[in-house]
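J.: here is a sequence with its predicted model. Questions after.
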Amino acid sequence: MNSTGAVPDLKRARALALGIGAVALAACLAGAMADYAQFLHSYLLAFLLWAGVALGCCALVMLHHLTGGEWGYVIRRLLESGMRTIPFLAVFILPVLVSLPTLYVWARPEVMAADEILQAKSAYLNQPFFLARTAFYFLVWMTLAWFLSKWSGMQDTSDDPAWSRKLRALSAPGILLYALTVTFASVDWAMSLEPHFFSTIYGVMFMIGQALSAMAFVLLVSGFLNRQGPLARMTTKPRLNDLGNLMLAFVMLWAYISFSQFLIVWSGNLPEEITWYTHRLKGGWAVVALLLVVFHFAVPFLLLLVRDVKRRARRLQVLCGLLLAMRLLDLFWVVTPTHGTEGLHVHWMDAAAPVGLGGVWVAIFLWQLQKRPLLPAQDPELKEILQHERSSAPA
């Protein structure tokens with residue numbers, strides 16, 4: 001690794017990720033010939049997971065530009081690499097968009113004609129408007145990612161503080177646009193799988209999940225990159241502690257929002273809402289819910305209270321791997337019961353699709369990661385941090 005912090009050659013890792021992804025996707029395509037509906041549900045599960053990582057990266061980049069702090073420089077270029085995969089997500093979602101009636105009951109005219117509740121929602125739940133909204137979401141996300149990436153790249157060639165001001169000025173409205181678009185996207189892509197259900201905090205739950213997914217992924221990757229060079233010097237125990245504290249906040253927020261939705265819906269006991277939970281608390285699904293309570297909240301919460309866990313990269317890596325697996329399990333609990341099977345049903349494509357799409361996505365991420373130095377060395381705030389560290393270092 002050179003002095004500018006450029007990433008070491010990742011061609012072998014990219015080839016491995018792409019190979020694994022291609023094999024898994026090929027298996028899923030073969031499975032689609034036997035059960036196309038199952039393929040689409042599994043593929044949607046995979047898409048929601050990796051789209052959540054990419055969008056969470058974009059949100060965390062804007063959060064760091066707004067708030068500052070040393071923690072962001074350890075993972076900022078990894079977050080930007082994840083953010084730059086968003087245009088590829090527009091390609092990944094095409095199998096969903098061309099098969100709406102197979103996934104979504106509201107897209108079937110015979111179902112819509114026989115359901116008064118769906119007819120009342122038809123102005124929103126119709127295929128042309130769904131496609132137009134999806135195009136708008138990606139237009140907003142790609143625009144934000146493009147400017148955030150371009151102006152961050154300009155900092156590598158100039159120490160003009162104007163670039164930092166531009167990034168901060170864009171991030172303020174960008175966070176609001178992200179919140180609005182992700183809220184509607186989560187309603188469209190996930191909540192409308194059961195169109196009678198409605199929750200006003202559903203989008204918030206997805207946003208927190210995306211931030212947590214992005215944090216877990218980039219910290220997992222950074223553990224393999226921070227063993228040498230400038231990134232290793234930046235990855236100090238206090239900064240790891242800050243990143244662990246931020247992850248703890250997201251874990252607590254996810255638990256709070258999830259429990260709040262459950263409490264409100266359960267106490268309201270309305271048939272069109274309570275059914276969403278009764279489907280997920282019987283026939284084996286209660287075991288999945290219990291696993292989420294224990295391993296998505298309780299275990300990470302207790303471990304992240306321990307300072308020694310947050311300040312050791314390897315231990316934090318293991319915890320990040322657990323959280324990323326739990327994010328997949330959470331989305332599985334949200335998406336799969338809508339498939340109409342009785343009781344808990346796990347299909348092999350529910351594992352193969354996330355691995356397949358994830359392998360391709362990781363290969364694209366690593367390709368983007370190689371394009372820039374690991375640290376934005378010309379960022380004015382980072383320059384001050386590095387100068388202070390050099391001046392305070394023992395002779």
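T.: Sure thing, it's come through.

J.: tell me which helix or strand comes right after the helix or strand in which Ala26 is found.
T.: Assessed by DSSP states H and E, Ala26 sits inside helix 11-34. The C-terminal neighbour of helix 11-34 among helices and strands, as given by DSSP H and E, is helix 36-67.

J.: got the angle between that next one and helix 11-34?
T.: Here the directions of helix 36-67 and helix 11-34 differ by 140 degrees (axes from the mean of the first three to the mean of the last three CA atoms, to 10 degrees).

J.: may I have the helix or strand following helix 36-67 exported as CSV, CA atoms only?
T.: Heading C-terminal from helix 36-67, the first helix or strand you meet, by DSSP H and E, is helix 71-83. Extracted in CSV, the C-alpha atoms of helix 71-83 (Å, rounded to 0.1, in the frame of the first residue of the first chain):
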residue,chain,number,x,y,z
TRP,A,71,-15.1,8.3,13.3
GLY,A,72,-16.3,9.0,9.7
TYR,A,73,-12.8,9.2,8.2
VAL,A,74,-12.1,5.6,9.1
ILE,A,75,-15.0,4.3,6.9
ARG,A,76,-15.9,7.2,4.6
ARG,A,77,-14.3,5.9,1.5
LEU,A,78,-15.8,2.5,2.1
LEU,A,79,-19.2,4.2,2.5
GLU,A,80,-18.7,6.1,-0.7
SER,A,81,-17.8,3.0,-2.6
GLY,A,82,-21.0,1.4,-1.4
MET,A,83,-22.9,4.5,-2.3
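
J.: what about whatever helix or strand comes next after helix 71-83, average pLDDT?
T.: Per DSSP H and E, helix 71-83 leads on to helix 86-92 as the next helix or strand towards the C-terminus. Averaged over helix 86-92, pLDDT sits at 97.

J.: next one: stretch 339-355
T.: So the average pLDDT for stretch 339-355 ends up being 89.

J.: now do that stretch: distance from first to last residue.
T.: Chord length of stretch 339-355, first to last residue, is 20 Å (CA to CA, to the nearest Å).

J.: give the buried residues for that stretch.
T.: By neighbour count with 16 or more other CB atoms under 10 Å, stretch 339-355 contains the buried residues His339, Leu344, His347, Met349, Asp350, Ala351, Ala352, Ala353, Pro354, Val355. C-beta coordinates here come from the backbone N, C-alpha and C atoms, glycine included.

J.: what sits against the third one?
T.: Contacts were defined as CB atoms under 8 Å, 6 or more residues apart in numbering; by that measure His347 touches Asp35, Gln38, Ser42.

J.: please report phi then psi for it.
T.: phi -100, psi 150 (degrees, to the nearest 10).

J.: tell me, how many residues neighbour Pro87?
T.: 14 (other CB atoms under 10 Å).

J.: how near is it to Asp330?
T.: 26 Å (CB to CB, to the nearest Å).

J.: what of Val204?
T.: The gap separating Val204 from Asp330 is 14 Å, by CB to CB.

J.: out of the buried residues of stretch 339-355, what pair is the most spread apart?
T.: The distance between the two most remote of those (CB to CB) is 20.5 Å, for Leu344 and Val355.

J.: pLDDT weak spots in the stretch 101-250 of the chain?
T.: By pLDDT under 70, the weakly predicted segments of the stretch 101-250 of the chain are 227-230.

J.: would you map the strands across this protein?
T.: Applying DSSP state E to the chain gives no strands.

J.: the stretch 201-350 of the chain: helices as residue ranges?
T.: 202-225, 229-234, 237-268, 271-278, 285-291, 299-304, 307-310, 313-335, 348-369 (DSSP state H, counting those that start in this stretch).

J.: how about these, which one is nearest Lys121?
T.: Comparing the helices of the stretch 201-350 of the chain by CB to CB, helix 271-278 comes nearest, at 11.2 Å.

J.: buried residues of the closest one, list them for me.
T.: Glu273, Trp276, Tyr277.

J.: pull the residues that contact that helix.
T.: The contact list for helix 271-278 (CB under 8 Å, 6+ apart) reads Ile117, Glu194, His196, Phe197, Phe198, Ser199, Phe262, Val265, Trp266, Gly268.

J.: 10 Å - rerun?
T.: Here helix 271-278 makes contact (CB atoms under 10 Å, 6 or more residues apart in numbering) with 117, 191, 193-199, 261-262, 264-268, 285, 289, 334, 337-338.

J.: of the residues you listed, just the buried ones, ChimeraX syntax please.
T.: Remark: buried members of the contacts of helix 271-278, expressed as a ChimeraX selection using 16+ other CB under 10 Å:
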select :191,193,194,195,196,197,198,199,261,262,265,285,289,334,337,338
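
J.: Pro300: neighbour count?
T.: So Pro300, with other CB under 10 Å, has 26 neighbours.

J.: so how far is Phe250 from it?
T.: Counting by CB to CB - Pro300 and Phe250 are separated by 10 Å.

J.: what do you get for Met33?
T.: Counting by CB to CB, the gap from Met33 to Phe250 is 40 Å.

J.: who has more neighbours out of the two?
T.: Neighbour count, other CB under 10 Å: between Met33 and Phe250, Phe250 has more, with 24 against 8.

J.: distance check, the residue nearest to the more buried one when sequence neighbours are not counted against Glu272.
T.: Counting by CB to CB, 6 or more residues apart in numbering, Phe250 lies nearest to Leu212, which is 4.3 Å off, once chain neighbours are set aside. Separation of Leu212 from Glu272 (CB to CB) stands at 29 Å.

J.: repeat for Ile264
T.: Ile264 is 14 Å from Glu272, by CB to CB.

J.: ok, Pro101 next?
T.: In terms of CB to CB, Pro101 sits 22 Å off from Glu272.

J.: before we move on, what about Leu357?
T.: 32 Å.

J.: try Leu291
T.: When Leu291 is compared with Glu272 (using CB to CB), they lie 27 Å apart.

J.: now swap in Arg168 and tell me
T.: Distance, Arg168 to Glu272, by CB to CB: 43 Å.

J.: also Pro195?
T.: Taking CB to CB, one finds Pro195 at 9 Å from Glu272.

J.: which neighbours do these two share?
T.: Ile117.

J.: quick one, what contacts Arg239?
T.: With contacts defined as CB under 10 Å, 6+ apart, the neighbours of Arg239 are Gly69, Glu70, Trp71, Gly72, Tyr73, Val74, Ile75, Arg311.
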